[in-house]
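[1] Got a predicted structure plus its sequence, pasted below:
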Amino acid sequence: MIRLIPHPFLGLALLALWLLLTQSVSPGQILLGAAASLIGMQAYAALDAGPSGRLRVRLIFKLAGLVAADIARSNLAVAAVILFRQPDRVAGFIRVPIALKNRQALAMLALIVTATPGTLWVDFDRRNGTLLLHVLDLVDEEVWVRLIKDRYEALLMEIFEA
Amino acid sequence: MIQAPDLPLWWSLIVGLLVLAGAGMTLVGSVGLLRLHTFFDRVHAPTLGSSLGAVLIVLASIVCFSVLRTRLSIHEVLIVLLITCTTPVAFMLLARSALYRARAERSAKTSETTDAEPSDLPPGSGDSDLAR
């Protein structure tokens, strides 16, 4: 059985995307956007990524704020690494144990980590939950593990798995 | 571009600074691609352009066209949203293929010479996700 609106928030987001792109809120565009978002929702449902759950707006904004601040900060840090040669800089791989199981939460974490300059999601072993991460400026391994686990994983768990 | 002279001086200064800062950030990222040495170091550099560089240029566009058309122009935000959602996929793909190749090369080398070579690569777990 095909549900007409399997992911209501995704549908609304797609409609908002359409209206922003066309820069109009005329009835015609709303109709076209609604049609596009219906198709989009069915396509997403076909991927079978699991239920999208409740929308915790406050937490999502908190996460977005954290990520934006971290991306801005690490942009400057990586720029400094590039512009001023630091002979004692160590780059390397670290392993982070990840307890997240939800696929969408893991995808979010992968996007966050990779979109942030200086950290790169390399490999994730789903069976034992170890994430292999490459860090450009690896001063203290423990600091990075704590950053991933306390700052992002805890929030993502609250958003997706609570 | 034809509308640009209509931009008040102060606003054009702000827009100019934002564009220059964004372009500068992207340039630093490209310089990093040249200056860093190993593959995994170099992957980090271009993310400067796809994060802060893009954000600053989009901000300049928002300011410029909001002032020119005297109404809020925020559809540029979509550029940032779509870039942050798509570029990491490419970076991860590159990183994983590089890791896969490094592990394959190393296992080929160790089977020939059988001496323990120092390497900052993580020990390959043979049956990782990459193999599937």
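    In hand now; what should we look at?

[2] A:Thr116 contacts A:Val67, doesn't it?
    Yes - with contacts defined as C-beta atoms under 8 Å, A:Thr116 counts as touching A:Val67 at a distance of 7.5 Å. Heads up, the C-betas are built off the backbone N, CA and C, glycines and all.

[3] Which one of those two is surrounded by more residues?
    Per other C-beta atoms under 10 Å in any protein chain shown, whichever of A:Thr116 and A:Val67 has more neighbours is A:Thr116, with 26 against 20.

[4] May I have the residues that are in contact with the more buried one?
    Residues counted as contacts of A:Thr116 (C-beta atoms under 8 Å, 6 or more residues apart in numbering or on different chains) are A:67, A:70-71, A:74, B:47, B:51.

[5] Just the element for A:Phe93, please.
    Secondary structure assignment for A:Phe93, by DSSP states H and E: strand A:92-97.

[6] actually B:Val15, not the one I typed
    helix B:9-35.

[7] who does that helix touch, helix- and strand-wise?
    In terms of contacts (3 or more C-beta pairs under 8 Å, 6 or more residues apart in numbering or on different chains; DSSP states H and E), helix B:9-35 is packed against helix A:57-83, helix B:39-44, helix B:47-48, helix B:54-68.

[8] Number of residues surrounding the nearest residue to B:Phe39 once chain neighbours are set aside?
    Leaving aside its sequence neighbours, B:Phe39 sits nearest to B:Ala98 (C-beta to C-beta, 6 or more residues apart in numbering or on different chains; 5.2 Å). Residues near B:Ala98, counting by other C-beta under 10 Å, number 16.

[9] B:Ala98 contacts B:Phe40, correct?
    Yes - the criterion here is C-beta under 8 Å, and B:Ala98 meets it with B:Phe40 at 7.0 Å.

[10] the domain parsing of chain A - what is it?
    Split into domains by automatic domain parsing, chain A comes to A:8-47, A:57-160.

[11] and among the ones you listed, the most buried is which?
    Among the domains of chain A, domain A:57-160 has the highest mean neighbour count (mean count of other C-beta atoms under 10 Å in any protein chain shown), at a mean of 17.

[12] how far does it stretch from start to finish?
    Domain A:57-160 stretches 12 Å from its first residue to its last (C-alpha to C-alpha, to the nearest Å).
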